[in-house]
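# below are the sequence and a predicted model for it; my questions follow.
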Amino acid sequence: MAVSPAPWMIVIGRIFVGLGVGMASMTSPLYISEASARIRSALVSTNNFLITGGQFLSLPNQSGSHSCSWNLALHAWSSWTPRPGSIFIDAVTS
């Protein structure tokens with residue numbers, strides 16, 4: 001999409017990428033829900049961590065390196081806040 005010579009190619013590429021991301025974001029929780037209860041909580045925590053971690057890492061690329069200091073702090077806080085609680089999930093569900 002970055003080197004497409006015509007605008008209609010960008011639109012077609014965005015449609016394909018949107019379908020791919022939509023299918024990936026739908027099938028991942030589906031397979032996690034089918035996992036055994038023993039590892040499900042770890043998979044859910046990892047999935048949430050990877051989603052918020054990807055948003056955190058993509059932020060400087062979207063908003064520039066000089067204007068994103070408070071945005072980075074906000075994303076870091078929202079990404080790491082569930083971590084202490086996820087340690088105790090297995091103790092509660094067992």
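Cool, the structure landed.
# who's in contact with residue 4?
10, 13 (Cβ atoms under 8 Å, 6 or more residues apart in numbering). Where you see a C-beta, it was placed from the backbone N, CA and C, and this is true even at glycine.
# now do the SS call for it.
The assignment at residue 4 comes out as coil when based on DSSP: H, G, I helix; E, B strand; the rest coil.
# now the phi/psi pair for it, please.
Dihedral pair for residue 4: phi -70, psi 140, per degrees, to the nearest 10.
# and it, how far is that from residue 14?
Distance, residue 4 to residue 14, using Cβ to Cβ, to the nearest Å: 10 Å.
# with residue 41 instead?
35 Å.
# counting neighbours, what do you get for residue 26?
Neighbours of residue 26 under the rule other Cβ atoms under 10 Å: 9.
# where does the prediction get shaky in the chain?
Scanning the chain for pLDDT under 70 picks out the ranges 1, 59-76, 78-79, 82-83, 85-94.
# all the strands of it, residue numbers only.
Here the chain has no strands by DSSP state E.
# which stretches in the protein count as helices?
Along the chain, the segments classed as helices by DSSP state H run 7-33, 37-63, 69-80, 83-87, 89-93.
# the first one vs helix 37-63, what angle?
So that's helix 7-33. 160 degrees (axes from the mean of the first three to the mean of the last three Cα atoms, to 10 degrees).
# and helix 7-33, what does it pack against?
Judged by 3 or more Cβ pairs under 8 Å, 6 or more residues apart in numbering; DSSP states H and E, helix 7-33 is in contact with helix 37-63.
# the more surrounded of residue 41 and residue 14?
residue 41 (17 against 11).
# tell me the spacing between the more buried one and residue 57.
Counting by Cβ to Cβ, the gap from residue 41 to residue 57 is 24 Å.
# likewise residue 37?
Here the criterion is Cβ to Cβ. By it, residue 37 lies 31 Å from residue 57.
# repeat that for residue 26.
When residue 26 is compared with residue 57 (using Cβ to Cβ), they lie 22 Å apart.
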